[in-house]
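> Quick one, structure for this:
(one chain, ligands or ions: 1)
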Amino acid sequence: MSPSVAIVGAGFGGLCMAIQLERAGIRSYVVFERANGLGGTWRDNSYPGAGCDIPSHLYSYSFERYASWTRRYLEQPEILAYLEHCADKYDVRRKIRFGAEVRRADFDGTRWQVTSGDRTEPFDVIVTGTGQLNRPHLPDIPGMPDFGGVSFHSARWNHAHDLTGRRVAVIGNGSSAAQLIPRVAEQAERLYVFQRTPNWVIPKPDTTFGPLARLGFRFVPGLQRAYREWIYRYAEATLYPALAQGWSADLLRKRALRHLHDQVPDPALRAKLTPGYPPGCKRVVIDSAFYPALTRPNVDVVTDRIVRITPTAVETAEGPHEVDTIVYATGFRTTEFLAPMEITGRDGHTLEEQWKGGPEAYLGISVPNFPNLFLLYGPNTNLGHNSIVFMIECQVEHIMSCLPYLSANGPIEVRPEVMAAWRGRLDAAMARMVWGGGCRSWYKTAEGRVTNNWPGPTTLYRRLTARPPAPAYRPVGPRTP
Ligand code: NAP
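Numbers count the residues shown, from 1 in each chain. The predicted structure is shown next:
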């Protein structure tokens with residue numbers, strides 16, 4: 001009999017899991033989705049200019065390519081439409097329970113008791129697809145609640161608030177800010193960009209596909225696959241070594257500095273925008289419209305520390321900047337994986353207790369003491385150089401290979417010694433990566449431990465996740481009757 005599977009989240013991860021279950025003929029699953037629509041991060045992030053800086057032919061499922069894409073990089077509405085299309089084509093929408101937030105899950109020795117709303121149901125397996133970037137981070141700036149204008153987070157865009165002729169503050173300058181600032185700058189009368197730390201920025205080589213290319217993608221067998229493979233291999237061969245402080249690190253720095261020089265003629269502004277840490281330590285911004293927006297006459301880049309927010313202004317040491325709108329492009333609570341769900345494992349401890357020293361999971365997927373719990377896009381599986389969808393597909397494949405094993409043997413969990421060896425391996429690999437020192441980033445905890453990123457080539461991750469579950473896993477309980 002097929003195991004019953006609770007999938008948490010209907011974003012790229014949860015949908016991929018549901019689709020592969022369907023394709024394998026396993027229908028005993030439910031997708032719990034807190035919101036009233038699918039798409040996860042691509043539903044939440046609808047700010048003007050939202051899009052993906054990874055080419056779409058790679059930032060898509062390998063089993064579902066779109067022949068009709070007209071440009072290299074897609075914007076949010078098209079990515080969301082793609083996910084809606086996938087849910088319909090593979091007929092998983094009927095399995096999604098919208099407005100159903102999983103609050104807790106308790107392992108009872110045999111199965112998981114999953115609680116959503118006031119209903120608790122048993123499942124053999126839980127797969128979490130809650131992402132790393134789904135809980136907005138709001139800063140703790142004195143006076144924030146007293147602001148008399150309109151304020152919102154970039155991932156909770158207030159579409160009812162017209163920015164035409166407004167005086168706007170954008171706090172933060174990461175990838176989200178870089179995408180929305182050019183659009184906001186076109187509308188606002190005055191835009192203050194509050195930058196705490198400059199980012200490395202490289203151009204986004206966007207292009208439209210002409211009729212010939214589109215025909216080719218549609219009708220030439222293997223062309224889409226070859227194009228996808230080429231983008232993947234190129235990122236792996238050039239960007240990964242830069243993050244591993246190898247041969248291309250200096251090239252990346254030079255490319256970013258050239259981009260800055262090409263786009264920002266004013267030396268004073270250039271100095272403000274020049275980072276003082278190695279490229280890649282924080283996520284590199286890939287955008288060609290960000291710098292030009294900062295050079296507009298109606299835009300100021302403010303680098304003084306924000307001291308407080310008053311009812312009418314964002315105040316720095318140099319004085320108040322009067323605004324009527326504040327956009328918090330201040331990122332996400334990235335190191336609190338799976339929060340606020342409370343997950344209690346085999347020994348009665350919660351995942352939060354077990355992860356006091358920082359979240360960790362074997363392959364980013366499995367955690368000792370938590371049998372038959374599998375994480376998608378879990379700890380140490382984020383990338384700074386390639387497509388997360390690739391990682392998700394590796395994880396789903398791994399989980400699919402675990403299902404027959406746990407069906408035959410009862411609940412399985414990763415062996416503690418395997419987890420310990422995994423930790424050692426990660427630490428050793430992490431030591432050569434650029435993320436450790438010199439910058440603050442969402443990749444790491446306040447103590448500086450990198451909990452989010454995968455420190456190896458993704459080709460290695462694919463090989464490791466493709467291994468069969470035994471002997472890394474062990475059965476730990478009776479089979480479901
Ligand atoms: P982020 O990269 O974490 O950036 C947050 C920004 O807010 C930083 O500039 C940070 O400054 C600033 N900030 C935070 N707290 C602050 C405070 N108290 N005072 C002043 N400034 C503060 O968040 P994000 O831009 O939303 O991007 C998150 C990730 O989402 C990206 O790195 C990327 O992986 C993903 N993303 C991807 C795309 C894409 O095209 N693929 C697009 C958007 C987002 P510091 O740098 O000084 O900390």
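
> Residue 226: neighbour count?
When neighbours are defined as other CB atoms under 10 Å, residue 226 has 11 of them. (Each C-beta comes from the backbone N, C-alpha and C, glycine too.)

> could you say which helix or strand contains it?
Residue 226 belongs to helix 223-243 when assigned by DSSP states H and E.

> How far away from the center of its chain is that helix?
Relative to its chain's centre, helix 223-243 lies at 19 Å (CA atoms, centre = their mean, to the nearest Å).

> Can I get it in PDB? Just the C-alpha atoms.
Only the C-alpha atoms of helix 223-243 are listed here, as PDB (Å, rounded to 0.1, in the frame of the first residue of the first chain):
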ATOM      1  CA  LEU A 223      17.100  22.200 -28.400                       C
ATOM      2  CA  GLN A 224      15.400  23.300 -25.100                       C
ATOM      3  CA  ARG A 225      17.100  20.600 -23.200                       C
ATOM      4  CA  ALA A 226      20.500  21.500 -24.700                       C
ATOM      5  CA  TYR A 227      19.900  25.200 -23.900                       C
ATOM      6  CA  ARG A 228      19.000  24.400 -20.300                       C
ATOM      7  CA  GLU A 229      22.000  22.200 -19.900                       C
ATOM      8  CA  TRP A 230      24.300  24.900 -21.300                       C
ATOM      9  CA  ILE A 231      23.000  27.500 -18.800                       C
ATOM     10  CA  TYR A 232      23.400  25.000 -16.000                       C
ATOM     11  CA  ARG A 233      26.900  24.000 -16.900                       C
ATOM     12  CA  TYR A 234      28.000  27.600 -17.500                       C
ATOM     13  CA  ALA A 235      26.900  28.700 -14.000                       C
ATOM     14  CA  GLU A 236      28.500  25.600 -12.500                       C
ATOM     15  CA  ALA A 237      31.800  26.100 -14.300                       C
ATOM     16  CA  THR A 238      32.100  29.900 -13.800                       C
ATOM     17  CA  LEU A 239      30.100  31.100 -10.800                       C
ATOM     18  CA  TYR A 240      30.600  28.200  -8.400                       C
ATOM     19  CA  PRO A 241      34.400  28.600  -8.500                       C
ATOM     20  CA  ALA A 242      34.000  32.300  -7.700                       C
ATOM     21  CA  LEU A 243      32.100  31.400  -4.500                       C
END
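
> by contact count, what packs against that helix?
Judged by 3 or more CB pairs under 8 Å, 6 or more residues apart in numbering; DSSP states H and E, the packing partners of helix 223-243 are helix 211-219, helix 249-263, helix 458-465.

> is it true that residue 457 touches residue 236?
Yes. Using CB atoms under 8 Å, residue 457 is in contact with residue 236, at 5.9 Å.

> Show me what from this structure comes close to the ligand.
Residues of the chain lying near the ligand by CB under 6 Å from any ligand atom: 51-54, 133, 139, 154, 171-177, 179, 194, 196-197, 283, 306, 329-331, 440, 442.

> Below-threshold pLDDT in the stretch 51-200 of the chain: ranges please.
Residue ranges of the stretch 51-200 of the chain with pLDDT under 70: 67.

> Quick check: buried residues in the helix holding residue 226?
Within helix 223-243, the residues that qualify as buried by neighbour count (16 or more other CB atoms under 10 Å) are 224, 227-228, 231-232, 235-236, 239-243.

> Tell me where the stretch 301-450 of the chain has strands.
306-309, 313-316, 319-322, 325-328, 342-344, 373-375, 412-414 (DSSP state E, counting those that start in this stretch).

> neighbours around residue 260, how many?
Counted by other CB under 10 Å, the residues lying close to residue 260 total 19.

> quick one: the helices in the stretch 351-481 of the chain?
Along the stretch 351-481 of the chain, the segments classed as helices by DSSP state H, counting those that start in this stretch run 351-354, 388-409, 416-430, 458-465.

> residues in contact with residue 220?
By CB atoms under 8 Å, 6 or more residues apart in numbering, the contact list for residue 220 is empty.

> On the pLDDT front, check it for me.
At residue 220, the model reports a pLDDT of 91.

> Would you mind measuring from residue 399 to residue 366?
Distance of residue 399 to residue 366, computed by CB to CB, to the nearest Å: 9 Å.

> Now list whatever residues contact both of the two.
The contact lists of residue 399 and residue 366 share residue 374, where a contact means CB under 8 Å, 6+ apart.

> For the two, indicate the residue with more neighbours.
Taking other CB under 10 Å, residue 399 and residue 366 do not tie; residue 366 has more neighbours (27 against 24).

> and the more buried one, what is it in contact with?
By CB under 8 Å, 6+ apart, the neighbours of residue 366 are 373-375, 413-414, 473.
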